[in-house]
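Peer 1: Turn this into a structure:
(2 chains)
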There are 2 protein chains.
Amino acid sequence: MLVNGRDTRSIRLAEPPREAPVPEIIDQTRLPHELRFVLLETLDDAERSIREMWVRGAPLIGVTAAYGMALAARTDPSTSGLESAARRLSDTRPTAVNLEWALSAMVEKLRPLPPADREAVAFEHAAALADTDVAACQAIGLHGSEVLEKLVPSGAPAERLQILTHCNAGWLATVDWGTALAPVYRAHRAGLPLHVWVSETRPRNQGAGLTAWELGEEGIPHTVIPDNASGHLLRTGRVDVVIAGTDRTTSAGDVCNKIGTYLKAVAAHDCGVPFYAAVPGSSIDWKLGEGEAESIPIEERDGSEVSEVRGLAPDGRMTSVRITPAGCRVANFGFDVTPARLVTGLITERGVCVASREGLASLFPDRASGKDARG
Amino acid sequence: MLVNGRDTRSIRLAEPPREAPVPEIIDQTRLPHELRFVLLETLDDAERSIREMWVRGAPLIGVTAAYGMALAARTDPSTSGLESAARRLSDTRPTAVNLEWALSAMVEKLRPLPPADREAVAFEHAAALADTDVAACQAIGLHGSEVLEKLVPSGAPAERLQILTHCNAGWLATVDWGTALAPVYRAHRAGLPLHVWVSETRPRNQGAGLTAWELGEEGIPHTVIPDNASGHLLRTGRVDVVIAGTDRTTSAGDVCNKIGTYLKAVAAHDCGVPFYAAVPGSSIDWKLGEGEAESIPIEERDGSEVSEVRGLAPDGRMTSVRITPAGCRVANFGFDVTPARLVTGLITERGVCVASREGLASLFPDRASGKDARG
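Peer 2: Modelled structure (predicted):
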């Protein structure tokens, strides 16, 4: 999507082309205050970029890991080398299922090949995964924008559609377009008047820092709110629809997403406002069925993300300020689970379905398995 | 409650006694990083201390405003002077009903008196309001601790009772003891093993800064969480009870409290966890009945509280860091309304009741009025 008016992807090969291709990412920890591209020249770089959250968002993590495998194949294309690289990359983040998915896809693709061919094929395949992700996000945008258009009150076409989102499920979380924001971008470009309430998303403030920045670059009206304010907006009729992303979706339609998503979903349900999750097929964990969402590992991150808030100080430097008493105990859960019963619908690249085993199986009959999923 | 091991109130007369009494408050904007007492020597000081939120919390605002009236009577004891002072103090914060209540009480008390007597009586009456508040909080602590004791699973007496609270409804929000935290303090002192999940409470982080500090000074185990994490804790069985305060309670039992309270209540309801509000009688707005909570004015504060987070920088100075893109639009609602249907019970100084007109009228028959409130 647009950065300074130019189309940009969150991961790309550095230009001008080098002798050997070098992936390049945006260090998202410096946004919205500084736009800095970083080269990934080694497996170490790729691993660090995921662990330190220079890149984040389930789809982008998957593609970055795929490029990490390609970089690993450049220095050690042996099968044991690739398996070791996959393990290291897999250990960076536990919750997103795309990471496992991308790594398995890479290992399966490369294992049958002679080691000498693996690097070139790995780069090709990583690029193909990136393009597949972009296509999926565009399709989510198409199907989701139809959902948005139907929500516009026919009597009031001049009113902006009020959308509430959480965290960043925009193009920075994917390769381009995003998941939850793809319908917003598409509808906006198609001329639908809309406004986005951006939940800041503590502790890391990806809403305040990334979503607000994305929307601003694209020229979409938006307002940042504290996470606490979403219930008030829902109760007072100021939200027409909630759209969030997902880091892992069970085959029963339960949505594991950024901590705080459940609160928005349960409040939306209480207020009669539709809650949609934007779900790339790659985020669906077909192994997890009814009642099994609780087995998803919920990442617990360093407490300093809660006790210290990072931002731009008056002197222009990135600084962290502590908001808790010295030595105070904090807990930092990365994700929560929103049960399918609170989800109005899942917006996938193959269309929109109800959040249930039957709904998902109807769109993904080739991936769903087991007798319960045939419908 | 305890500060550095010594019993302390949030507002008191400066010691040693002066020729004329001078109220003294804690500048709560500097907590938890610095404990600084500030003298209120004039009406201007009192007004500023409320407006700038050096003091906050509905009960403490009321008592501070009462002392503000006493300070006003010191320089201009005329009736018009008092009425003008009451208007200025009333304009500082729109949502808490205690402020109006305390100011009306002072004006009613002073108006019949000769101006020469007004200052002395005003100081006496402000002190009486403070003592009344302490007594009410102690009684809330008594009734609330019985609620907590009943929640302890009889099979597991060694497990700590897990309490979730929001914002700061502790002694810093009142004169002493607090409202939502009074039951916690009382139960803790009585030997009940408990642990408090402290929601940080963006945008001003009164949970992270004030509640965590209070609990730490009192030696009560606690853990600070981002506001977003409360739903996850509730869903995964890690909370036995939620207790929040209230800034204004309708006669029908709807609770207007710090923004984000509704999200906790609706999630607790969804998870079958009891949600209590600690309600001093002074916070009940008897003029507001069934369905009238939406007419409570919801304070909208400066957006910089959202876009900038204040805390302790590594150099030891209080610094604000910006977390949003430059020029980003933000919204900052101070409060939300939790409908009575989501409230398990109201803990008042006269006992615990269901959140309804009948429940409140049964405890406050002397204040409830109208045919619907007789029950």
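Peer 1: where does the residue most central in space within chain A fall, phi/psi-wise?
Peer 2: Taking Cα atoms, centre = their mean, the centroid of chain A lies closest to residue A:57, which sits 3.4 Å from it. Main-chain torsions, residue A:57, degrees, to the nearest 10: phi 100, psi 130.
Peer 1: wait, is residue A:18 part of a strand?
Peer 2: No. Counting by DSSP: H, G, I helix; E, B strand; the rest coil, residue A:18 is not found in a strand; it is coil.
Peer 1: Can you pull out the low-pLDDT segments for chain A?
Peer 2: Counting by pLDDT under 70, chain A contains low-confidence ranges at A:155-157, A:370-375.
Peer 1: For residue A:37, give me its contacts.
Peer 2: With contacts taken as Cβ atoms under 8 Å, 6 or more residues apart in numbering or on different chains, residue A:37 has the following neighbours: A:14, A:24-27. For every residue, glycine as well, the C-beta is placed using N, CA and C.
Peer 1: Mind checking which of the residues you listed are in helices?
Peer 2: Secondary structure assignment by DSSP state H places none of these in helices.
Peer 1: if I read this right, the residue nearest to the centre of chain A contacts residue A:172, doesn't it?
Peer 2: Yes. In terms of Cβ atoms under 8 Å, residue A:57 counts as a neighbour of residue A:172; the distance is 6.5 Å.
Peer 1: Okay, the nearest residue to residue A:291 once chain neighbours are set aside and chain B: tell me how far apart.
Peer 2: Nearest residue to residue A:291, sequence neighbours excluded (Cβ to Cβ, 6 or more residues apart in numbering or on different chains): residue A:252, at 7.5 Å. Taking Cβ to the nearest Cβ, to the nearest Å as the measure, residue A:252 and chain B are separated by 16 Å.
Peer 1: Pull up the overlap in contacts between residue A:57 and residue A:172.
Peer 2: Overlap of the contact sets of residue A:57 and residue A:172 (by Cβ under 8 Å, 6+ apart) consists of residue A:10.
Peer 1: so what's the residue nearest to the centre of chain A up against?
Peer 2: A:10, A:168-169, A:172-174, A:245.
Peer 1: Quick check: closest non-adjacent residue to residue A:271.
Peer 2: Spatial nearest neighbour of residue A:271, excluding adjacent residues (Cβ to Cβ, 6+ apart): residue A:234 at 4.3 Å.
Peer 1: what about that neighbour, neighbour count?
Peer 2: A count of neighbours around residue A:234, defined by other Cβ atoms under 10 Å in any protein chain shown, yields 26.
Peer 1: shouldn't it be in contact with residue A:275?
Peer 2: No. Using Cβ under 8 Å, residue A:234 makes no contact with residue A:275, being 9.7 Å away.
Peer 1: and for the two, which residues touch both?
Peer 2: Any residue near both residue A:234 and residue A:275 by Cβ under 8 Å, 6+ apart counts here, and that gives A:242, A:264, A:268.
Peer 1: Now, the residues you listed that are in strands?
Peer 2: When DSSP state E defines the strands, the subset of these inside them is residue A:242.
Peer 1: Could you save the shared contacts of residue A:234 and residue A:275 as JSON lines and add columns showing distance to chain B?
Peer 2: As requested, the shared contacts of residue A:234 and residue A:275 are exported to JSON lines (distance: Cβ to the nearest Cβ, whole Å):
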{"residue": "A:242", "distance to chain B": "13"}
{"residue": "A:264", "distance to chain B": "8"}
{"residue": "A:268", "distance to chain B": "10"}
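Peer 1: Filter the shared contacts of residue A:234 and residue A:275 down to just the buried residues.
Peer 2: For the shared contacts of residue A:234 and residue A:275, a neighbour count by 16 or more other Cβ atoms under 10 Å in any protein chain shown gives the buried set as A:242, A:264, A:268.
Peer 1: picking that back up, now do the contacts for the residue nearest to residue A:291.
Peer 2: Residue A:252 is in contact with A:288-293, A:340, A:356-357, counting by Cβ under 8 Å, 6+ apart.
Peer 1: Just give me the closest of those residues to chain B.
Peer 2: Comparing those against chain B with Cβ to the nearest Cβ places residue A:293 closest, at 9.9 Å.
Peer 1: and the closest one, what does it touch?
Peer 2: Taking Cβ under 8 Å, 6+ apart as the definition of contact, the neighbours of residue A:293 are A:250, A:252, A:254, A:256, A:337, A:339.
Peer 1: Now the phi/psi pair for the closest residue to the first one other than its chain neighbours, please.
Peer 2: Think residue A:250. Ranked by Cβ to Cβ, 6+ apart and with sequence neighbours excluded, the top spatial neighbour of residue A:250 is residue A:288, at 4.0 Å. Reported as degrees, to the nearest 10, the phi and psi values for residue A:288 are phi -100, psi 120.
Peer 1: and chain A, what are its domains?
Peer 2: The record's domain split for chain A, according to automatic domain parsing, is A:2-132, A:143-368.
Peer 1: Single out the most deeply packed of those domains.
Peer 2: Neighbour counts (mean count of other Cβ atoms under 10 Å in any protein chain shown) averaged over each of those peak at domain A:143-368, with a mean of 22.
Peer 1: measure that domain end to end?
Peer 2: Terminal residues of domain A:143-368 lie 21 Å apart, using Cα to Cα, to the nearest Å.
Peer 1: Span of stretch A:186-205 from start to end?
Peer 2: The stretch stretch A:186-205 measures 24 Å between its terminal residues, going by Cα to Cα.
Peer 1: ignore the last one, stretch A:297-307
Peer 2: By Cα to Cα, the extent of stretch A:297-307 from end to end equals 23 Å.
Peer 1: And for stretch A:85-100?
Peer 2: Here stretch A:85-100 reaches across 12 Å from its first residue to its last, counting by Cα to Cα.
Peer 1: do that stretch and chain B meet?
Peer 2: No. With Cβ under 8 Å from any Cβ of the partner chain as the criterion, chain B is not reached by stretch A:85-100; the gap is at least 12.3 Å.
Peer 1: contacting residues around that stretch?
Peer 2: With contact meaning Cβ under 8 Å, 6+ apart, stretch A:85-100 is reached by A:43, A:46-47, A:50-51, A:58-59, A:61-62, A:65, A:68-69, A:72-73, A:76, A:103-104, A:106-107, A:247-248, A:256, A:280, A:282-285, A:296-299, A:334-335.
Peer 1: Mind doing that once more with 7 Å?
Peer 2: Counting by Cβ atoms under 7 Å, 6 or more residues apart in numbering or on different chains, stretch A:85-100 makes contact with A:43, A:46-47, A:50-51, A:58-59, A:61-62, A:65, A:68-69, A:72, A:103, A:107, A:247-248, A:256, A:282-283, A:285, A:296-299, A:334-335, all of which sit outside it.
Peer 1: Where strands are concerned, which of these count?
Peer 2: In strands, defined here by DSSP E, the members of those are A:248, A:256, A:285, A:335.
Peer 1: looking at the sheet around the first one, what are its partners?
Peer 2: Right, the one you point to is residue A:248. Assessed by DSSP bridges, residue A:248 has beta-bridge partners residue A:256.
Peer 1: quick check: longest helix of chain A.
Peer 2: The helix of greatest length in chain A, counted in residues with DSSP H as the criterion, is given as helix A:115-151.
Peer 1: touching chain B at all, whichever helix or strand comes after that one?
Peer 2: Read in the C-terminal direction, the helix or strand following helix A:115-151 is strand A:161-165, with elements assigned using DSSP states H and E. No. Using Cβ under 7 Å from any Cβ of the partner chain, no contact is recorded between strand A:161-165 and chain B, whose separation bottoms out at 11.8 Å.
Peer 1: Cool, thanks, talk later.
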